[in-house]
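Next input, structure requested:
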Amino acid sequence: MIEQYSFGNIVVNSVRYTNDMKIVQGKVVPEWWRKRGHSVDVDDIQDILKSVPDIVVLGKGSPGLMKATRALREFLKDRNIKLIEEKTTKAVETFNRLFKEGQNIAAGFHLTC
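As a prediction, the model looks like this:
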């Protein structure tokens, strides 16, 4: 599903995105902005949570600066939703593998730092 990632760019279904984005139920949600920049909290992924995934993948950026808050980690754990946080290059690989396996997955990708 994700064809390419490089710093500041991601290509999904032949469409290039240059801002952070999410994939929810197989559809791209472009222009993902978080309330606190490099922190991902429950409010930042409400659309993902409404889709009730089994797995949430967060691409933390090239050097891995973006992180889930403790509140988000606890929220997901309480609902038996697995959280995978990886640098975006690795997160893209993980997302593609799990998506191809037919897993119930959603993701958010930070494209730069």
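
At which residues are the helices of this structure located?
Listed in chain order, the helices found in the chain under DSSP state H are 46-50, 70-78, 88-100.

got JSON lines for the ones you listed, with distance to residue 37, mean pLDDT and mean neighbour count too?
The C-beta positions use only the backbone N, C-alpha and C, and glycine is treated the same way. Listed next are those as JSON lines, based on distance: least, Cβ to Cβ, whole Å; pLDDT from 0 to 100; neighbours: other Cβ atoms under 10 Å:
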{"stretch": "helix 46-50", "distance to residue 37": "18", "mean pLDDT": "98", "mean neighbour count": "16"}
{"stretch": "helix 70-78", "distance to residue 37": "14", "mean pLDDT": "98", "mean neighbour count": "14"}
{"stretch": "helix 88-100", "distance to residue 37": "16", "mean pLDDT": "98", "mean neighbour count": "18"}
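
Would you reformat those as JSON lines and include distance to residue 3?
Formatted as JSON lines, those follow (distance: least, Cβ to Cβ, whole Å):
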{"stretch": "helix 46-50", "distance to residue 3": "21"}
{"stretch": "helix 70-78", "distance to residue 3": "28"}
{"stretch": "helix 88-100", "distance to residue 3": "9"}
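
how about those, which one is nearest residue 14?
Shortest distance between residue 14 and these, using Cβ to Cβ, is found for helix 88-100: 15.0 Å.
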